[in-house]
Structures are given as structure tokens and as C-alpha cells.
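Trainee: only geometry, no sequence info:
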């Protein structure tokens, strides 16, 4: 009986009985009710795998099963669209109510309640259903049958798919491809960044790796601004600039040069790591050399030995034939000896690649690594001459690995990178490193950093830098001549070439006796004979040559090349280069560059060649930034050269001084005209000259250091002593007045002499008169000393042969030379008299920590230019910064607690206001100071702030970013590099961000209240007024230990610090002068504030009018019609004069009582001397008692006054 189930019927139709016997499992599956849809989903491979059906039979069966599945699925869909039960319809209307016509509902009986809306997400035919079916297909039909472990499953590759929400917008909204791609990339980037970052760091193959993302970021940002990370390190270094240091070096120079190499920390680690040990067992039991080949060349355990084969090695290193030949310096790149150099050995048969071109690869050994060929015909194979399977070969492959990467990182030809490495290694060997250790060290990396700096800023060629730290190359390469021959023998100007044969040539050629070697050197280097002589003397001294000739060898010629090319590279002349080295470090520095260059392998007090070149570069850059010619700078900081008295400028100065000085000298007649009594038979001028140190006998007033008040006190004591001797005891009472008159005459003469010197020096130096006087003091001289030297000078010395005498012994000319050079600095930097005055007063110590105020060095000049640049960067007056520096250096010591915190905040706000910068930026800079108090007090700290300020304006970065980039360590520190990279990225934008400007206010830091306990006080008594001052911070917390300073015109207030509750009670003690007084009070670094006004007055309740202060009255009768002037001085019992005190005048008739008195006025106020005055007359005549009655209860009577009566006309 045939089976009624369609699936079994189909199986019986497709297969024969014999086939069904073999496919019993499939038959059983269908008999037990198995679904054909499962068989369709399994596909051909599933039927073969699960039921043992052959592939052909499976395809035949699936064709029929697919047809059945489609039919059944269609029937299922149709079945779901209509129902079996008749649904109740609504009442028909119109024509349908009369005739039962066909309709959709009648024909199909749809099940509307079970259907979804059009385009619904849950529809069987919606895109969502297609998407789900597609994902099931991928999981069950593709990923499930894959056996390739290297293939990524869909949801491992696209982890953003499953979390996506499916809504109407996601299905039907039009979206651009960018909006689709960006979230996918964001999801990918956000997945385990640490693992990806670490993998890029640890990966070393291909040879462009390792890749440290954070370093690439900071280096790219720095490069975008035309800088390197080393530039940031220099800008934030507290010891910058380094040419002040004796060794031209500081601890943070190393990181600056390392970063300037543009090599990241992991790249530097790869270059400087210890060499790989052969047969040393590593992790997992593998040998270190096998791990090395796998990590660095991608060669596993099966093929690492194939690295000896040139094709395989070239494939792993991305080198073509020429690249490999250049790396090994063979064939067309083989080195060739110069024919003009005498060598110590014969020319070998093999190429001398180990001596030139590929010295580092071969560790300066010969014979060198080269290419060999083996086999015949198609079996011929080029191989390297060393095998990776032994220790010697491993060392070669290790060096090649480092060298290939460095070539790529520096983007330089192989031979140039080799020349850089060899020069640095040889210089380090001369500095104490082992001679057989031909590996890259930290010092070599520093040399690469210095080269990169010169390369980017000065376009320094590789060959020149090699000579700067080593010697000229005497090997050519292929058909190219050696560097030595290209320079000295490539022009064909001479019949005989310049040869390095060990001969000699003169240091100073004899006049009119030309020397061929000297001529060749001058011609090739482009210098004249005078420059040659100057350089030859320096080079001979640096090489320790005592004779009068130099050996014609490579070291000497290289020194000439170095001393000419390096200064020119920096933009100065060779002679200026020698002078600059001498000024900066003396003979030690000059010998370090003119002699045999070396690089210190360990810390040393003497600078090495890297230090010297770096110092010269920084010094020249500083001069260029401030528009200071290097020669001018060297001349100003060098000891002044004595002048010749026959110069017009000095001659005119002497003439002007001698013409104007007589009228300014103190004379005996001037003293007498000043009201000083004459002495019997003696001269005041002679007495003052012998008995005092104030005036000399010829009328020259001596200068003294100190303030004007100190000078006046000293002068009064000296003159009082002189007057006592000159006039004796008979003028005891008049002596103070005589001393005052004599002092006035002396001061007048002093001021006249100062004026003469100021005006004459101003004309002589070309600066202002006030500046000229300060320059004279800066030169450690005074007005009186200069005038004394002029007066003692014999004018006949200005004529004849004496003009050519040695001026070094003339103190006047030496002084004028010093004045002229310091005046040139003042004029160049536009230093005001106030700047010079503050510098000489306290700045030399407080600003520069320089004990000698008169010393003038490169350091002094540098920081004066720093101060001048600070003035230029601000729109505020220079006096604002000068006041700030004076105030911060006058802060009490010790200072701490709230007082220190308040001072630090106030200092930052004032600096931010001066430089128009953000307070936060200033605080970031100040927080980096290496001092306990985070307050900018000196010029080195100001220099650091300004460097960061200028760099922030140039790059658009904030101070924190600059410090993060500049503070990156030389060693590996991933968190530090990550923080710097994140901040650096924020500084990049398409449009420049405006610099954050000043928005702070000192008044926001503290709330101050000041209240007096009363407003009046009696002068000259122990009575006081107590001012209660309260200090609160911005949060309302009290500030304790903060000094409150006071100043008052009519009294005194003692400085006190606030108590823990923020309150201080300041006691105002009045003086002896009455009036209105408004005291001022202030905090450290804060502006002055006015306290409430108080009145210092008299004791109005205790007024006294002493009779001796009352005017006399006429003893005789006063004629009729005349007035009598009466006055009286009003005081209180404490002796205080009653100013502006109301006073009335009263009278009492002593006769019959019918007389009258007229006062003009009868009521008035006392004047500033406390005097009440009136004019009294009587039209009736009589005898009267006149009284003065000040406001109060006091009454003073004058003696009786008699007025005559007017005669009656008949």
C-alpha cells in the first residue's frame, strides 16, 4: 500500500528500492514525521553528513524537496490569510443592499483581525524577516560548516549588529553611507584599545614597527606647529638656557635631545636594548635567537635559517637589490680610498665596507659582511656571507635589524645613517666608552636628536654634522669622491692636490711667503688669511701643539672645517664662533670644539661636543630672537677695551666737563653768600676739606651710597662738627640755623655737579640723563670719582705722542669704556632709569641671585633681555611689573598658612593681569617652580613663564598641555604619554583658538571690613582709635596670620597679623598735628584701601590761652579813630594748636558803662597757627577790659585799654 504522506511518496519516487535500503536512516526520519524543511536547510552537505546520501542523490532529492517546501509554504501563507467561520458583516447600503454581488470578503473570507498593518515590522515579508532569515542562514549554513579557525565569525567582526534596535526609522529611513560607517568604526575603535595599543607596541614586524600611538600623536602635533617635542622640553625646563652652565648641560637636556630625534620611547628602546644572546633560552623553551628572528623578521622556526638567502632576506626587509647593496656597501656602493691620504695599511682585496659605508653593521671590523653566490644555472643563489645560525651571524642580523629601522625612521640613505652612528660612537669612545662596544647608546640617540634639531632649523647636511662630532670622511663611495676630496681637491685649482701625508704647515705664515697648504685651506673653506691665523692659533692650542706649525693630518683639517662650517651654519662668522665659545666657557669650551671632539659617556664637569654645539645654537637663537648681533653681544659682555684719549667723543666730553665744572664747584664765597658767618682768617672750604669727608678742599662734593635721608643725616653731623670747630661756642644758639644754611649750599653744589655729569654723559653715551647717572653707578663709579679723574688728568696728554700711550693704565679711559658698553646695552634694550635703579638697589640679588651688582655677564644680559621682553608682551606700564617684583621680594619671611596662600593667589592674579593671560594658566606655570613658595619672584622664573606664554600663543595650547608635552620622560611611561597626547589633540583645530585672557580680580579673593571704635582723637595724648579689620576668604572662612599694613599722615598704626577668627585690632596713635586723617591699609600684594576718616583734634574741653601767647596792649591812650590789633594763640592743655577754632571777642567798660567798642571782626576762626586776631576801636572812647573767648568755658583778659574820646565840634 502506498504511503499517504507526500514526503515518503516523493522519496519512493526518487530512489529505487536498492537505494532506499542504503538510505534507511533517511527513510526512518521521514516515517517518524521528520520535516522536509529541516532537510532543505541542511543542504547537500548536511544530507551527506547526517544521512549518508551521496552528493548526486542528495542534489536530486533536494530539487524535489525544494519544490514541495515552496508549495507547502505558499499554502501555509494563504491559509493564514482567510478564516473558516463566517463573520458578521455590517449592513449594506446602496446597490449592494438590493443585490448580493461578489466582493473580496465573500470570495476570500479574509481574517483581518489576524493580519498586521501594511509595512509592519512583524510581517513575514518585511525586511526584518529577511534580515533575521539572513542571519540564521549565516550562522547555520556558513559559520557552522567552516573549519578555518583564522576566519572571524560575523558577530566577532561586526559587534555592532546585535545591539542595534529595530524600529520603523531603522527599517524605512534613508541613511547615508557615512552615517552607517561611522558607528561601525566607533564600535570597532572602542573595543579593547589597550590590547590593540599594546599589540602595536610589541609588534616588530614589518620593520616599520613598533608603533606607539601616543608618541605619534604628540610628535605630529608638535610637527604641525613647526616644533619638536624636544622644543617643548626646553621651553618648560627650569634650567634653560643651558649655555649658562659651566658644563653646558643639565639633567633635563637628555630628554630634550632624545625627543628632538623624533624617535618614540619604544623605538629608542629597540635601538638601545642589549644585544640578543645566541642559544639563550627564552620564554616557552624557545631559544632567544629564534624568538628574535620571529619577532623582527617574521621568520618562524621552519624558515629563519633562510634569512641567509638574499631573496628571502630582501622579502622580509622590503629591500630591493640596490637597497641591499647600499645597506652592505658592496658593488656599486663599495667604499673607495682617497688617493690623497696616506693610509697605515695596504688596500685589501675585499671592499672596506667595515671601514666606511657599513661600519656599524660590521662593528668596525674587516672583512665585512657581503653577498656571495653559490650554485649553477637555475640553482644559482645569492646569499649573505654570515649565517643566522651562529653567534657572529646573530650579531650582524641584530645590527641590520636596528639599522634598517633607523634608516626608515630618519628617512635618510643608508650610508648617511651609518656615518651618523659611527661618528657618535667614535666620539663617545673618546669620551670614555669601551672601544669594542659598537652598539647604539643613549648618548648616540642624543647625538641623533641634536642632528635632527640642526637639520630642521638650519638645514644641516649629514656630512657636516658628522665632522662636527668626528672627522672628515676619507672614503669615496662608488664613483663619488670622498668628502675630503670633494672639498679640497674637487675644483682643480692647484697643480698639486692637498694631501694628508703627515707633513706640516705654519700656524702663522711668514709675511709675503705664501704656503700652499694654507692657501688650499683658505680657498676651500672660503676664509681669508686673518681668519686662518685666528683659527690656527685656537686649533693649535686645543690640540696641545706648542710649536709654530701644524701637522697636515685628518684631525687638524677636520678641526678647521668644524670651526668654519658650524658658525656659518648658525649664521655667524668663524671668528664670531671662536669669540662666542670663549665668552661662554673660556678656553675649556673652545678646546672642546677646536680639538678632538668627544661625547661624555658618563657625567662630567667638562662639556662634550654635543653640549657645546647645543649651547652655541641656543645662544645664537637667543641673540636672533632679541635682535642682538652676536658680535655686539660678545663685545658687551667681554671686559671693556681701553679707549684712546684722542678720540673725538672723549675729547669733547673732557672739554665739556672742564668748561662746566667751575660753575658747579663749591666755593668759600658761595658759602658766605648763603648766610654762613665768616671765620676769622680761615676759609670754610679748607675747613670742610680737612675736617669732613663730605667736601674736598677744591669744592668737589663727595658722593655717598645710600638713600637721600641717610645722606642728609650724615651731612648734618659732618657740618655740625665743622661749624663747631670753625665758629666755636659763641654761636651755640645759632648753630642749628647755620648748619641748615651750610647744608643748603652744599646740596646746591652737589646737585649742580650731578647735573653737569648727567648732561655731559647723556651727550657722550646717547642715552637719557637719568639713565646715564644710573649707568655710572652700575659701572661701580660715582659723580665725584669721575670728576676727580677728570680734574687730575693732565690736558697736555691729549696732544703729541702721548695720545698713543698704553691706555690700559688710565683709570679714566677704562671707566669711560665700561660706561660706553653698559650704555650701549641700556640703549639697545631701552632700559629705563627705574629698571636700572631697582636692579642696583636690590634686583641683582633678588632677581638674579648675583652678589656683585656691578658684574656684567652673559647671564646678566640674558635676564635683562627677559625683563625687557616682558615689558613688550604687556600693554601695561613697565612700572607695574617693577612694583610687583619689589613687593613680592619684600614679603615677610617666614610666611605660611593663609598668608602664603593669599599671597600666591594675589601674585598669580597680578601676573595674569599684566600679561593679559588666564589666571589658571599663570598658576599652572607657577606651580612648576622648584621653590616652596609658588610665587614668581625672580627673572629665571619670569623667563619660564614667558616661554610658556609665548609658546601658548604660538600653538594655541594651554599651559597644562605644554607642561605635559615638555615633561615627557626619556624612559617609557605610558600614562604620561597618554595624558600628553590627549591634551595635545584638543589643541588642534581648523581655526586658531583665541588665547584665554585675564578675567581675575584681587577683590574676589578676600572680603575686608574696617570699622573704627570712634572718629576723633586728641593730638599729642595717649588717647587712641582702634580699627577693627576683618578678613574673610571667598567662602566666608576667616583668614588668620595675614599681615595688615598701615600708613597715616597724622599718626601711626602698627602692623599686625589677623587672629584665628580673621580679626585684627590696629591701634591708631595720633601725632602732634591736628587735622583730618584718612589712614590706608593693605595686605601683601594687594592694593591699598582707605580706612574711615578720623579727626585728630584738640582737647576742646581744656583750652588754655597762656599770657605769653597774647599780644601786648598800648600803654598810652589810643588816639580817637585809631584801631588796636589784638591777637592770641589758642591751645589746649596738651599744647595742641587750635586750628579753625571759633573765637569771640568780648569787652567790659571800666568807666561809667556808656562806652562802646567796635571789633573787626567780633567773631572769627583761628588760622593754621592757632592765632585769633581782631582790630579794636571805640567811637565813644573810654577804658575797656578786652577778653578773648574761645569756644568753650575759657576766657582770657587783656590788660585794660584806654581809647580817647573824639572832640565835639561846636
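Mentor: On my side now, so go ahead. Please read these numbers as outputs of a predicted model, since none were measured by experiment. Numbers count the residues shown, from 1 in each chain.
Trainee: straight-line length of stretch 1170-1189, end to end?
Mentor: 14 Å (C-alpha to C-alpha, to the nearest Å).
Trainee: so who does residue 382 touch?
Mentor: Residue 382 makes contact with 309-311, 371-373, according to C-beta atoms under 8 Å, 6 or more residues apart in numbering. From N, CA and C alone the C-beta is placed, and that goes for glycine too.
Trainee: next helix or strand past the helix or strand of the chain with the lowest mean pLDDT?
Mentor: Lowest by mean pLDDT, DSSP states H and E among the helices and strands of the chain is helix 104-108, with a mean of 70. Later in the chain than helix 104-108, the nearest helix or strand by DSSP states H and E is helix 127-137.
Trainee: following that next one, which helix or strand shows up next?
Mentor: Sequence-wise, the next helix or strand downstream of helix 127-137 (DSSP H and E) is helix 154-157.
Trainee: check the offset of that following helix from the chain's centre.
Mentor: Centroid separation for helix 154-157 versus its chain: 50 Å, with C-alpha atoms, centre = their mean, to the nearest Å.
Trainee: hmm, residue 951 is touching residue 232, no?
Mentor: Yes. Under the criterion of C-beta atoms under 8 Å, residue 951 makes contact with residue 232 at 7.3 Å.
Trainee: coming back round to it: what is the least confident helix or strand of the chain packed up against?
Mentor: Packing contacts for helix 104-108, counted by 3 or more C-beta pairs under 8 Å, 6 or more residues apart in numbering; DSSP states H and E, involve no helix or strand.
Trainee: if we can go back for a sec, ok, and the most crowded of the contacts of residue 382?
Mentor: residue 310 (18 neighbours; other C-beta atoms under 10 Å).
Trainee: grab the nearest non-local neighbour of that one.
Mentor: Excluding the flanking residues, the one nearest residue 310 by C-beta to C-beta, 6 or more residues apart in numbering is residue 382, at 3.9 Å.
Trainee: show me this protein divided up by domain.
Mentor: 6-81, 213-463, 481-630, 648-830, 887-986, 1002-1097, 1103-1203 (automatic domain parsing).
Trainee: closest to residue 161 out of those?
Mentor: When those are compared by C-beta to C-beta, domain 6-81 sits nearest residue 161, at 21.7 Å.
Trainee: so how far is that closest one from its chain's centroid?
Mentor: With C-alpha atoms, centre = their mean, you get 82 Å for domain 6-81.
Trainee: could we number from 26 for the rest of this?
Mentor: Sounds good: first residue 26 from here, last item domain 31-106.
Trainee: longest helix in the protein, please.
Mentor: In the chain, taking DSSP state H as the definition, the longest helix is helix 760-790.
Trainee: following that helix, which helix or strand shows up next?
Mentor: Using DSSP H and E, the first helix or strand after helix 760-790 is helix 794-803.
Trainee: can you name every helix or strand that that next one contacts?
Mentor: helix 760-790, helix 808-817, helix 836-854, helix 858-863.
Trainee: pLDDT on the shortest one, on average?
Mentor: Right, the one you point to is helix 858-863. Per-residue pLDDT over helix 858-863 has a mean of 96.
Trainee: which residues sit against it?
Mentor: Under C-beta under 8 Å, 6+ apart, the answer for helix 858-863 is 793, 795-796, 798-800, 802-803, 851, 892, 903-904, 907, 910-911.
Trainee: mind doing that once more with 10 Å?
Mentor: Outside helix 858-863, the residues within contact range by C-beta atoms under 10 Å, 6 or more residues apart in numbering are 792-800, 802-803, 847, 851, 854, 857, 868-869, 871-872, 889, 892-893, 896, 902-904, 906-908, 910-911, 914.
Trainee: rewinding a little: using a markdown table, lay out the domains of the chain together with mean pLDDT and distance to residue 189.
Mentor: Below are these laid out as a markdown table (pLDDT from 0 to 100; distance: least, C-beta to C-beta, whole Å):
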| stretch | mean pLDDT | distance to residue 189 |
| --- | --- | --- |
| domain 31-106 | 83 | 25 |
| domain 238-488 | 90 | 29 |
| domain 506-655 | 92 | 57 |
| domain 673-855 | 87 | 68 |
| domain 912-1011 | 94 | 29 |
| domain 1027-1122 | 93 | 50 |
| domain 1128-1228 | 87 | 93 |
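Trainee: using a markdown table, please lay out the ones you listed together with distance to residue 198.
Mentor: As requested, the domains of the chain are exported to a markdown table (distance: least, C-beta to C-beta, whole Å):
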| stretch | distance to residue 198 |
| --- | --- |
| domain 31-106 | 28 |
| domain 238-488 | 36 |
| domain 506-655 | 59 |
| domain 673-855 | 68 |
| domain 912-1011 | 33 |
| domain 1027-1122 | 52 |
| domain 1128-1228 | 91 |
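Trainee: ok, which of those comes nearest residue 132?
Mentor: Closest to residue 132 of those, according to C-beta to C-beta: domain 31-106, at 12.0 Å.
Trainee: got the buried residues for stretch 801-816?
Mentor: If you call a residue buried by 16 or more other C-beta atoms under 10 Å, then stretch 801-816 has these buried ones: 801-804, 806-815.
Trainee: what is the nearest of those residues to residue 480?
Mentor: After measuring the buried residues of stretch 801-816 against residue 480 - C-beta to C-beta - the closest member comes out as residue 803, at 42.0 Å.
Trainee: OK, contacts around that closest one?
Mentor: 796, 843-844, 847-848, 850-851, 861-862, 864-865, 869, 878-879, 881 are the contacts of residue 803 under C-beta under 10 Å, 6+ apart.
Trainee: by neighbours, which of those residues wins?
Mentor: Neighbour counts for those peak at residue 796, which has 27 neighbours (criterion: other C-beta under 10 Å).
Trainee: still on that earlier bit, am I right that the residue nearest to residue 335 is in a strand?
Mentor: Yes. Under DSSP: H, G, I helix; E, B strand; the rest coil, residue 407 falls within a strand.
Trainee: re the thing from before, any of the contacts of helix 858-863 buried? List them.
Mentor: Here, 16+ other C-beta under 10 Å leaves 792-794, 796-800, 802-803, 847, 851, 854, 857, 868-869, 871-872, 889, 892-893, 896, 903, 906-907, 910, 914 buried among the contacts of helix 858-863.
Trainee: list the buried residues in stretch 1217-1225.
Mentor: Buried residues in stretch 1217-1225, counted by 16+ other C-beta under 10 Å: 1217, 1219, 1221, 1223.
Trainee: grab the nearest non-local neighbour of the first one.
Mentor: If I follow you right, that is residue 1217. residue 1128 (4.9 Å).
Trainee: related to what we said a few turns ago, including distance to residue 755, could the contacts of residue 407 go into TSV?
Mentor: Output for those, formatted as TSV (distance: C-beta to C-beta, whole Å):
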residue	distance to residue 755
334	122
335	120
336	123
396	118
397	121
398	125
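Trainee: of those residues, which belong to strands?
Mentor: 396-398 (DSSP state E).
Trainee: bridging residues for the residue nearest to residue 335?
Mentor: Here residue 407 sits in beta bridges with residue 398, going by DSSP bridges.
Trainee: from residue 321, how far off is residue 424?
Mentor: As judged by C-beta to C-beta, to the nearest Å, residue 424 and residue 321 stand 12 Å apart.
Trainee: more neighbours, the two?
Mentor: residue 321 (24 against 21).
Trainee: how about the more buried one, what does it touch?
Mentor: So residue 321 contacts 229-232, 234, 295, 301, 341-342, 422-423, 425-427, 429-430 (C-beta under 10 Å, 6+ apart).
Trainee: select, out of the domains of the chain, the one closest to residue 223.
Mentor: domain 912-1011 (9.1 Å).
Trainee: now the end-to-end length of the closest one.
Mentor: Domain 912-1011 has an end-to-end distance of 38 Å (C-alpha to C-alpha).
Trainee: can you map out the strands along the stretch 576-725 of the chain?
Mentor: With DSSP state E, counting those that start in this stretch as the definition, the stretch 576-725 of the chain shows no strands.
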